[in-house]
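Student: Give me a model of this one.
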Amino acid sequence: MPGVSVTDGAQWATTGADGGYAMTVDRNRRETDLVSIVSPNGYTPVLRDDYVPAFFREVPGGQGPVKGLDFALVADAAAADPEEKWLMVSDVEVSNRSDAEARNTLPRWQGQVEAMAEVHGATLTMTTGDLTVSDYAAEPRRQGGYDILREGLRKGKLGHPYYPVIGNHDIGGAATSVGYGGSLEYWRRNMGPEWYSFDRGGRHVVVLEDNYDSSGLAPQLAWLREDLRRHAAGKQVLVFAHRSLFTRWGPGAGMQPIVDELAKYDVRMFAAGHNQQAEYRRGAFARSVEVNNMGVYGIDAARPDYKILDFAGITDDPDTKENEDTGYIAGTHRQFEVDDDVALVSPAEGSVHGAKAGVPVELYAEDDGRTPATAELTIRFKNGNVVRHDRRLKFGRETRPTGRVNCYTPPGGTAEPCPTAHVSWTRVSSRISGLRPGTYTAEMVAVDTAGKAWPTVRTTFQVVADGRLDQPRLGRDWTRQGGGEESRSSAEDDPGARLGLRWAASTGEQFHLNGAAVWDGKVIVASQAFDSPYSMMLAYDGLSGAEVWRTYLDGDAESFPTVHDGKVYLTTGVGRVYALDAATGKVAWETIDDEHVAGKTVRRYGRAGGPVSVFDLPGRSVAVYQAWDTVVCRDARTGARLPGGFGAPAAWGEFHSVAVRRPGATTAYLHSGSSQSLIAMDLGSCKQQSSVDTGGDLFTQSSPAFTDTQMVTATSSGVRGHDLQAGAKVLWQAKLGTASACEPGPPPVTSPATRGAMAYVASVDGVVRAYDTASATPDKPVWETPLGYLPGESPMDDKWRVAGGCAAAGPGSPAMHTLATETVVYATTWDGRVVALDRASGRRLAEYNLGAGVASALSVSGTMLYALTDDGSIHALATTRIRGQ
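Tutor: Below you'll find the model as predicted:
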């Protein structure tokens, strides 16, 4: 084949009419010499037995010339398809640091490969680095890590090309290796060159090594310049590397010359890993996305994930007059270790519905590999007669927003086209009307895109005359995380333990460590997008669920919105701060921290994402939030930055604490990043007053909360009581069950709920505990209740976790986000439940299976409880009370 580029990473050649090529290789440049090709559009290099494409060949030692280094290419229709289905995975960190790690890591990795192999129609996997932990392994063990990586690909039968990208943990040479080239030795022996490219689907794909600024970027830049000159003109360009252009842990300013070179072309994606966060946002280049893939663990306390990429938004159909290339690369977020989960969320077992109000239908099916396509739903009256039979209810259907839509508009720019709205790929949402009073059964069968069914689910429910049911009502507003300025997560309203689904809505994206504010009859949520740049704020009617407005944002919406004086506030992961009109969703003001524009590119080093806490002071309102390593104050009315501000530990870069205060006080308290410290600050001057270590780390995402007499914090190192008269001195501490038996993630440690002197804490070990902070032994739980698992959701039900060393299940699925009322304590679980406990005794009263994990905070207003699930669904549960019973 003529015209194919061949390179050793520095020199270039082009094949002639007979496919031959010649080049001179510098034998001192690397220890293992490689030559590789830029495979042309419509062809895939023949695959090794581990599915890595053989686009590279090792140059044998000895005197030249060396002949016979040929490359086999296979004509491949998928490789010419601009809408080919790709997978993207990162930071799997296969480890051989010890024999124990080697035993555990192969089953985990093989299970993940099997999950990816189940994705129907996927024909390529891209990685974004840290495939191994070579840098932390002793030199004799480094090769073993690559052996495990490749064995998992073989045993898992990936079945399609697997393109590797080098990460910082993949760096590591042999015992005799020296210098930068030597540090790449094991990678080059096993996975190929550290930078390379190929054409596919009419696009040009570039893989870069961006782990160490001074070592490799200058020669890589020279190679890249020639590669782009040869292959990128007139094509969309996709870039895969390990470190993000936006992250604080990225390649920094030293990467800018490479960014400038890429900016000369039509770059549509810069995909990375490293951060251990699932993030997806508008990128450094026009019309591009910047993606971070989460790995084997995550600092945002989400399950390990991978993505299915969707190129439809950037693909023009040549057979139409319209230009369909108007959007961004998007995708589907997949969670590893979610295995064949299915739920008939509504009508739920034992639920009661009004005949005129109708029955909400909410069906859920999810798997880490399979994709649900349709569901069959059969409703039978108590005599067995079929009264409704829906044969093909579609998962993930497109929808039309019913309220105001505010498309994303960059500051000073013009609005982008809004994306097509849709429900989550895991959901069917509908409603049944016309059922007469009586008892019914519902039967659901979900089927995937390959025709394979999930287990059948059946429930029994009642329909009664509407006049027999108490009608739902709204009560007090819940305007911020924790409900009010004291962050007690304690409601004056009390929906009780017997609840039923009133309505549900799906954003089509995700909720994770978010929450729902209730204000002026509306429920306002921030929807995080793990698989598209379309993070949103949305408002719904609190009683009916009708969408009032939606506003598309820039950056990851990672927290609970705050409503104050008619505005709703939020920060995003790129350091942007928003104030929206709470009635319309229109942007009132916005700012951004640490944004750097260079030519046609932008680098956003700002890191926020946590809640904004707004307080009224004499003559003004102040908005408080953490931006990386600084606590910032702004004028809540205008967004202007106020004097003051102070340093605070950034930890791992997740910020989920609100600032709290007693009514009317000028001193507020908040956790720093990862809840490492409890800080007292003066709101008037925006200055720190004191700081106490609270022992948070990595997966602690909590806020402090007041009791009647003290303050309580909950972090990965335990529950603490603090004396606010003595600089928040620790009065007592109780160890908390923050070790989850065999759970991935790790799951988050979230905020306590307090009522009177009592504190209620849900923990990662699946237990809810109550502490009496006014007792003589506040560190001893008054009661503790394990929440158990849904059937099939124990880690012992997962063969790969068992094979990886899981010997026993813990007390329950990781528990989070308590909320207290007069009679009950609610808690959420990672396996998809809202659980109601008796507040006095801890006795389990009821639980509601919402399908996907419930990792966002709860809210209460009147007889309504609002719960958000990880798959982007909001559930409005209402008190169910039949009059006379």
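
Student: pretty sure Asn211 contacts Gly254?
Tutor: No: Asn211 lies out of contact with Gly254 (Cβ atoms under 8 Å); the separation is 11.3 Å. Quick note: C-beta positions are derived from backbone N, CA and C, even for glycine.

Student: Give me the domain ranges for this protein.
Tutor: 83-335, 341-403+428-461, 470-879 (automatic domain parsing).

Student: Now tabulate those domains in a markdown table and tack on distance to Val52.
Tutor: As requested, the domains of the chain are exported to a markdown table (distance: least, Cβ to Cβ, whole Å):
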| stretch | distance to Val52 |
| --- | --- |
| domain 83-335 | 5 |
| domain 341-403+428-461 | 21 |
| domain 470-879 | 22 |
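
Student: in the sheet, who's paired with Val631?
Tutor: In this structure, Val631 bridges to Gln626, Phe646 when assessed by DSSP bridges.

Student: of Asn211 and Gly254, who's got more company?
Tutor: Set side by side, Asn211 and Gly254 show more neighbours around Asn211, with 25 against 14, by other Cβ atoms under 10 Å.

Student: Please name the nearest non-neighbouring residue to that one.
Tutor: Asn168 (4.3 Å; Cβ to Cβ, 6 or more residues apart in numbering).

Student: I'd say that neighbour and Val133 touch.
Tutor: No: using Cβ under 8 Å as the test, Asn168 is too far from Val133 to be in contact (10.3 Å).

Student: hang on, the earlier thing: how about the domains of the chain in JSON lines, adding mean pLDDT and distance to Ile37?
Tutor: As requested, the domains of the chain are exported to JSON lines (pLDDT from 0 to 100; distance: least, Cβ to Cβ, whole Å):
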{"stretch": "domain 83-335", "mean pLDDT": "94", "distance to Ile37": "8"}
{"stretch": "domain 341-403+428-461", "mean pLDDT": "97", "distance to Ile37": "32"}
{"stretch": "domain 470-879", "mean pLDDT": "96", "distance to Ile37": "29"}
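
Student: how close does Ala450 get to Asp76?
Tutor: 21 Å (Cβ to Cβ, to the nearest Å).

Student: These two: which is more packed in?
Tutor: Neighbour totals were compared for Ala450 and Asp76, and Asp76 leads with 19 against 11 (other Cβ under 10 Å).

Student: quick one, what contacts the more buried one?
Tutor: By Cβ atoms under 8 Å, 6 or more residues apart in numbering, Asp76 lies in contact with 42-44.

Student: taking those one by one, which sit in strands?
Tutor: Within the contacts of Asp76, residues falling in strands by DSSP state E are 43-44.

Student: Turn the contacts of Asp76 into a markdown table, including neighbour count, pLDDT and distance to Thr750.
Tutor: As requested, the contacts of Asp76 are exported to a markdown table (neighbours: other Cβ atoms under 10 Å; pLDDT from 0 to 100; distance: Cβ to Cβ, whole Å):
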| residue | neighbour count | pLDDT | distance to Thr750 |
| --- | --- | --- | --- |
| Gly42 | 18 | 98 | 50 |
| Tyr43 | 20 | 99 | 50 |
| Thr44 | 21 | 99 | 46 |
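
Student: which one of the contacts of Asp76 is nearest Ser813?
Tutor: Thr44 (41.8 Å; Cβ to Cβ).

Student: The closest one against Phe55, yeah?
Tutor: No: between Thr44 and Phe55 there is no contact, the gap being 9.1 Å when judged by Cβ under 8 Å.

Student: ranges for the helices of the stretch 51-200 of the chain?
Tutor: 99-117, 142-156, 179-183, 185-190 (DSSP state H, counting those that start in this stretch).

Student: hmm, back to that, what's the neighbour count on the residue nearest to Asn211?
Tutor: Residues lying near Asn168 (other Cβ under 10 Å) number 18.

Student: so what's it up against?
Tutor: Contact partners of Asn168, counting by Cβ under 8 Å, 6+ apart, are 129-130, 135, 211-212, 242-243, 274.

Student: Parallel or antiparallel, which strands does the helix or strand hosting Leu678 pair with?
Tutor: Leu678 is part of strand 677-682 when elements are defined by DSSP states H and E. Counting by DSSP bridges, the strands paired with strand 677-682 are strand 667-671 (antiparallel), strand 687-693 (antiparallel).

Student: Give the next helix or strand downstream of the last one.
Tutor: When you say that, I think you mean strand 687-693. strand 705-706.

Student: count of neighbours near the closest residue to Ser244 other than its chain neighbours?
Tutor: With Cβ to Cβ, 6+ apart as the criterion, Ser244 has its nearest non-adjacent residue at 4.1 Å, and that residue is Ala272. Each residue near Ala272 was counted by other Cβ under 10 Å, and the total is 30.
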